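K.L.:
Below: sequence and its predicted model.
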Amino acid sequence: MSIPTDQITGLLLAGGRGMRMGGVDKGLQVLRGDPLALHVLKRLAPQTGALLISANRNAPRYAKLGAPFNATVIADTLPDFPGPLAGLLAGLRAARTGYMLSAPCDTPALPVDLAARLADALDAEHADIATVTTSNAQHEISIHPVFALIRTTLADDLAAFLDAGERKVRAWYARHKTVEVAFADERAFYNVNSLQELADLERN
């Protein structure tokens, strides 16, 4: 990997409202005996140095989940759940490394080579951000913007973007040199959006 692991802070995004799950805390919903967030932590931790958990609710429970990984729980500095960019900003502010790798709490099968592939692409392209695309059998491209490797020097720019009332992740990425990395396995980025989808995943 072109960027040393200890130069990458991992960020688990668990700060959303879980509206499509009826308002429950998505990362704490159980899959095969463990909370979704724990599945993600187990895959994310070996790919990064320090680890952060962005959570706006149930911080003690997330702290307990993160304890084996020496993860620190952080919260958004902006009120009213303004979206994933607020979590990214909190992570960029808290990180003490040159790079931050983000992943949402509801993707239990994320690739074990996520950091390596994004780091190689970011370094090769001299980019500021590297993010993920996949394609299905019909060759339709999907973008997964909250899986991203970001230079932490972008924190001030993101803060200004949010202060201006902007909330769209891809609109912020468009302000910077962003490289998209194609992953073949679309299932690795499957995210659980409803309790029914969680039940279906449990059965499969």
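P.N.:
Great, that's in hand. Since this is a predicted model, take the numbers as computed values, not measurements.
K.L.:
what's the closest non-adjacent residue to residue 50?
P.N.:
Excluding its sequence neighbours, the residue lying closest to residue 50 (CB to CB, 6 or more residues apart in numbering) is residue 9, at 4.8 Å. For every residue, glycine as well, the C-beta is placed using N, CA and C.
K.L.:
Revised request: answer the last question for residue 157.
P.N.:
Once flanking residues are discounted, residue 157 sits nearest to residue 175: 6.9 Å by CB to CB, 6+ apart.
K.L.:
give me phi/psi at the residue nearest to residue 50?
P.N.:
The phi/psi pair for residue 9 (degrees, to the nearest 10) reads phi -90, psi 130.
K.L.:
In terms of helices and strands, where is the residue lying closest to residue 112 once chain neighbours are set aside?
P.N.:
Closest residue in space to residue 112, ignoring its immediate chain neighbours: residue 43 at 6.1 Å, by CB to CB, 6+ apart. Per DSSP states H and E, residue 43 falls inside helix 36-44.
K.L.:
List the contacts of that helix.
P.N.:
Residues outside helix 36-44 that contact it (CB atoms under 8 Å, 6 or more residues apart in numbering) are 10, 12, 14, 26-32, 51, 53, 62, 65-66, 69, 71, 101, 103-112, 114, 192, 198.
K.L.:
In helices, which of these appear?
P.N.:
Members of these lying in helices (criterion: DSSP state H): 62, 65-66, 114, 198.
K.L.:
can you pick the most crowded of the residues you listed?
P.N.:
residue 62 (29 neighbours; other CB atoms under 10 Å).
K.L.:
what sits against that residue?
P.N.:
For residue 62, the contacting residues are 14, 27-28, 37, 53, 55, 73, by CB under 8 Å, 6+ apart.
K.L.:
Mind giving me the PyMOL select for the contacts of helix 36-44, buried ones only?
P.N.:
Of those, the buried ones go into a single PyMOL selection, burial set by 16 or more other CB atoms under 10 Å:
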select buried, resi 10+12+14+26+27+28+29+31+51+53+62+65+66+69+71+101+103+104+105+106+107+108+110+111+114+192+198
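K.L.:
Out of the contacts of helix 36-44, list just those in strands.
P.N.:
10, 12, 30-31, 51, 53, 101, 103-104 (DSSP state E).
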